[in-house]
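Asker: compute the structure for the input listed below.
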Amino acid sequence: MAQRTGLEDPERYLFVDRAVIYNPATQADWTAKKLVWIPSERHGFEAASIKEERGDEVMVELAENGKKAMVNKDDIQKMNPPKFSKVEDMAELTCLNEASVLHNLKDRYYSGLIYTYSGLFCVVINPYKNLPIYSENIIEMYRGKKRHEMPPHIYAISESAYRCMLQDREDQSILCTGESGAGKTENTKKVIQYLAHVASSHKGRKDHNIPHTEECETLLSLETGHTLGRVISGTYFSPYTPILSRVPLGLVSSPHFEDDCHKVMVLLCKVSVSFGSLNWFLNLC
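Answerer: Model prediction:
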């Protein structure tokens, strides 16, 4: 788990100050109150402390307002100790349940932490505003780092796929899935931004023919309404040729996944990507 203290912008949008979370008083309070999660029409779930057990029902006291209520034992979900607050990977939770997952995502989101791991997956919640976590300085922070060495980020996913491709000489794929407006296109842009940056300086070489960050954004916005999956077609494929031929990777995206709320990118080991193989991939999808 990546840890930092005394955070500054933009680090506060990436790292959690664990020194603030590891508070013995908070841990003691959690233990004494026997805090759990109970269903709530307003919040989905809310914190409560167990006061009395009566057969299949339990009397609880709501943490928010002190009101008492009777709930069924089967509706109660365990709460994780405070040390798991804003945990970066929800697979590490001692009590892995719906309430704990939703609370962790909400807690991180309200703290400006939009990326959270869930095992092999990276969950992203759209902040609907610009965050200072996509600069070249941030890219360099993630470059060459293993996933557990840095906080959750789309750059960490991109770095992992890129390094696996170089080391194992095997094709890699990245799937961005979510509802409309969830941020699939924006995160796809960030993947290309990262790959363009690290590949352009591969082995210390600078290739000025490789698109920079701004150019990648332009490529993704060639036509109004054309997202990445639609841009890479017979008509709009040529602008992506520099990315496919000048760096040791290829990018392929399928428009067929758009209606199903998916975006797929494939990093191809071989430099040459023919239209035949591209069409074969699209038909396969």
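
Asker: C-alpha from now on. contacts and neighbour counts both.
Answerer: OK.

Asker: which parts of the stretch 1-150 of the chain are helices?
Answerer: 18-21, 24-33, 98-110, 136-142 (DSSP state H, counting those that start in this stretch).

Asker: any stretches of the stretch 1-150 of the chain with poor pLDDT?
Answerer: Counting by pLDDT under 70, the stretch 1-150 of the chain contains low-confidence ranges at 1-8.

Asker: make CSV out of the helices of the stretch 1-150 of the chain and add distance to residue 60 and mean neighbour count.
Answerer: Below are these laid out as CSV (distance: least, C-alpha to C-alpha, whole Å; neighbours: other C-alpha atoms under 10 Å):
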stretch, distance to residue 60, mean neighbour count
helix 18-21, 26, 13
helix 24-33, 10, 13
helix 98-110, 16, 18
helix 136-142, 45, 15
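
Asker: ok, which of the ones you listed comes nearest residue 10?
Answerer: helix 136-142 (8.7 Å; C-alpha to C-alpha).

Asker: just checking, what packs against that closest one?
Answerer: Packing contacts for helix 136-142, counted by 3 or more C-alpha pairs under 8 Å, 6 or more residues apart in numbering; DSSP states H and E, involve helix 154-168.

Asker: between helix 154-168 and the helix or strand following the helix it packs on, find me the angle.
Answerer: Downstream of helix 154-168, the next assigned helix or strand under DSSP states H and E is strand 172-177. Put simply, strand 172-177 runs at 160 degrees to helix 154-168, going by axes from the mean of the first three to the mean of the last three C-alpha atoms, to 10 degrees.

Asker: list the helices and strands strand 172-177 packs on?
Answerer: Going by 3+ C-alpha pairs under 8 Å, 6+ apart, strand 172-177 lies up against helix 154-168, helix 184-200, strand 262-267.

Asker: would you mark the buried spots in the longest one?
Answerer: By neighbour count, with 16 or more other C-alpha atoms under 10 Å as the criterion, the buried positions of helix 184-200 are 184-185, 187-200.

Asker: put the alpha carbons of it into PDB.
Answerer: The C-alpha coordinates for helix 184-200 follow below in PDB (Å, rounded to 0.1, in the frame of the first residue of the first chain):
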ATOM      1  CA  LYS A 184     -14.600   5.600 -20.400                       C
ATOM      2  CA  THR A 185     -13.500   7.900 -23.100                       C
ATOM      3  CA  GLU A 186     -11.500  10.200 -20.800                       C
ATOM      4  CA  ASN A 187      -9.700   7.300 -19.200                       C
ATOM      5  CA  THR A 188      -9.000   5.800 -22.700                       C
ATOM      6  CA  LYS A 189      -7.300   9.200 -23.500                       C
ATOM      7  CA  LYS A 190      -5.200   8.900 -20.400                       C
ATOM      8  CA  VAL A 191      -4.100   5.400 -21.400                       C
ATOM      9  CA  ILE A 192      -2.900   6.600 -24.800                       C
ATOM     10  CA  GLN A 193      -1.300   9.700 -23.100                       C
ATOM     11  CA  TYR A 194       0.700   7.400 -20.800                       C
ATOM     12  CA  LEU A 195       1.700   5.000 -23.500                       C
ATOM     13  CA  ALA A 196       2.700   7.700 -25.900                       C
ATOM     14  CA  HIS A 197       4.900   9.300 -23.300                       C
ATOM     15  CA  VAL A 198       6.700   6.200 -22.000                       C
ATOM     16  CA  ALA A 199       7.100   4.700 -25.500                       C
ATOM     17  CA  SER A 200       8.400   7.900 -27.000                       C
END
